[in-house]
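Chemist: sequence plus predicted model, see below.
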Amino acid sequence: MSFASGLIAPELTAEFPGLRLHWTELEARVGASPRDVRRRLRELSDRVAGAGVVAMRTQPIPHAYRAFYRQVGLDPDAARIPGEEVAVRRLLQGGFGSRGTLQDALLIGLVETGVPVWALDARRVDVHSLGIRAAHSGERLGGGADGFSLPAGQLVVADAACVHATLFGDPAPGHAPAPGPGMQRIVLYAVAVEGVPAIHVEEALWICTDVLGVG
Amino acid sequence: MLLEHQSRTGIGSPPAQDERAARRTLRAQIAKLERELAEAFVTAYPMGGLDAEPSRSCAAPRLLDLGELERVRDDLAARVRAARATISERADRQAANRVLLERMLLEPGRYRFVRIANRDIGEPGCGVWQVRPRLGLIGMLMGWWQVKLSSGCPLATGRGAAAAH
């Protein structure tokens, strides 16, 4: 399994040298999770407790994402970083419920490493131009006329053809892999910021591919 | 002569580079303040937590200009200051309550019916220390006072709600 680096717009690299996007492409079936994955989610649920969630923001990786959120104008106390978001959800719901192979794989990767991973339908992505840049004026999420209009300058994950997601946001409708009976090509990508070691990013992607059964 | 040459050629202090350096400094300050705020949050949590601040952030991540980064930095600095003041004030209050509890234990008769909750002295749990008369009315009349610690947290739903179902 190999991981590739996405393109970062030069003006972003100049401002945030640590901002990276890593992706990998794989073939997997998206459906209900097998028993092993559901058991792993239960074990993960047992590892996430209130005291740990409170102290999470002082740990290096959550701190790196929180600091980056503030540097790009987000308030991590209002729009939580992905790692804290799932941890708080675990506390409120009492456990990590299974939501299918793909979502479970992304969740396990995130909880284990603190690095968020998202999935795109490979048929809609030109991986060789996938990266992070600022949205242009009049650009729409998903590229279609029905996608909501993005403010110019908003940081997005995009390829040469269209914007697939806002930075740290879920993919545009129709751009995420849909559940189905057959195998399908999926692009997994992780966004790392300064202070997040490369090995954690690779580990997050590797865990996702492993849970999807292709590691 | 050298300075004149540099300013003429733009070497050394081009405005774009200056601004970029300033933004880099501001981002480093923001990261440092974020760490300090996180540490203050963890410290304050057992004391009742920090007051929620209204969010002034935009909904979309983007490159901030110098003025916006300064505003973020200043907001964070103000929050760290407020957090430290809150922690200091609560720590003082807890210290005073601990002293009061020690006095209650030494001379219960002087602090009749005074109550101090565990959380008021920075301890976990729902226990409450209270000066009560020994043997009820007899103790009140005889001046027999003692400090009792109640134990256990109330039921989440309460006895009444459970019984009603």
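Modeler: That came in fine, so what should we check first? Residues are numbered from 1 along each chain as shown, chains lettered A, B, ... in the order given.
Chemist: who in chain A is up against chain B?
Modeler: Counting by Cβ under 8 Å from any Cβ of the partner chain, the positions of chain A adjacent to chain B are A:11-12, A:14-15, A:54-55, A:57-58, A:63, A:66-67, A:69-75, A:77-79, A:134, A:150-151, A:153-155, A:166-168. All C-beta atoms are positioned from the backbone trio N, CA, C, and that covers glycine.
Chemist: 7 Å - rerun?
Modeler: Applying Cβ under 7 Å from any Cβ of the partner chain, we find that chain A lies next to chain B at A:14-15, A:54-55, A:57-58, A:63, A:66-67, A:70-75, A:77-78, A:134, A:151, A:153-155, A:166-168.
Chemist: now, which of these lie within strands?
Modeler: Using DSSP state E, A:134, A:155, A:166 are the members of the residues of chain A next to chain B that sit in strands.
Chemist: how about the closest residue to the first one other than its chain neighbours, what does it touch?
Modeler: Spelled out, that is A:Ala134. Using Cβ to Cβ, 6 or more residues apart in numbering or on different chains and skipping residues adjacent in sequence, the residue nearest A:Ala134 is A:Gly153, 5.0 Å away. Under the criterion of Cβ atoms under 7 Å, 6 or more residues apart in numbering or on different chains, the neighbours of A:Gly153 are A:134-135, B:62-63.
Chemist: my read: B:Trp129 touches B:Glu102, true?
Modeler: No: because the distance of 10.6 Å does not satisfy Cβ atoms under 7 Å, B:Trp129 is recorded as not touching B:Glu102.
Chemist: by mean pLDDT, flag the weakest helix or strand of the chain.
Modeler: Just so you know, I chose chain A. Confidence across the helices and strands of chain A bottoms out at helix A:50-55, with a mean of 92, counting by mean pLDDT, DSSP states H and E.
Chemist: now the helices for the chain?
Modeler: All of this is about chain A. Taking DSSP state H to define them, one finds helices in chain A at A:10-15, A:35-47, A:50-55, A:60-71, A:82-93, A:101-113, A:198-211.
Chemist: please go with chain B instead
Modeler: B:2-9, B:15-44, B:66-106, B:137-142, B:158-164.
Chemist: briefly note if the second one comes near chain A.
Modeler: To tie it back to what came earlier, the one meant is helix B:15-44. Yes: legend: contact between helix B:15-44 and chain A by Cβ under 7 Å from any Cβ is shown at B:20, B:23, B:27, B:30-31, B:34-35, B:38-39, B:41-42.
Chemist: cool, stretch B:115-134 as well?
Modeler: No: when contact is scored as Cβ under 7 Å from any Cβ, no part of stretch B:115-134 falls within range of chain A; the minimum is 10.5 Å.
Chemist: and the gap between A:Gly174 and A:Val72?
Modeler: Computed with Cβ to Cβ, to the nearest Å, the distance linking A:Gly174 and A:Val72 is 26 Å.
Chemist: the two: which has the busier surroundings?
Modeler: Taking neighbours as other Cβ atoms under 10 Å in any protein chain shown, A:Gly174 and A:Val72 compare with A:Val72 leading, 24 against 13.
Chemist: could you dump the residues of helix B:15-44 next to chain A to a markdown table with neighbour count?
Modeler: Rendered in a markdown table, the data for those read as follows (neighbours: other Cβ atoms under 10 Å in any protein chain shown):
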| residue | neighbour count |
| --- | --- |
| B:Arg20 | 14 |
| B:Arg23 | 20 |
| B:Arg27 | 22 |
| B:Ile30 | 23 |
| B:Ala31 | 20 |
| B:Glu34 | 24 |
| B:Arg35 | 17 |
| B:Ala38 | 22 |
| B:Glu39 | 16 |
| B:Phe41 | 19 |
| B:Val42 | 15 |
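Chemist: out of those residues, which one has the lowest pLDDT?
Modeler: Across those, the bottom pLDDT score, 87, is held by B:Arg20.
Chemist: number of nearby residues for the nearest residue to that residue once chain neighbours are set aside?
Modeler: In this structure, B:Arg20 finds its nearest non-sequential neighbour in A:Ala14, 6.9 Å apart by Cβ to Cβ, 6+ apart. Neighbourhood size, A:Ala14 [other Cβ under 10 Å]: 14.
Chemist: low pLDDT regions in chain B?
Modeler: Within chain B, the stretches falling below the threshold (pLDDT under 70) are B:1-15, B:53-58, B:152, B:156-165.
Chemist: great, nothing more from me.
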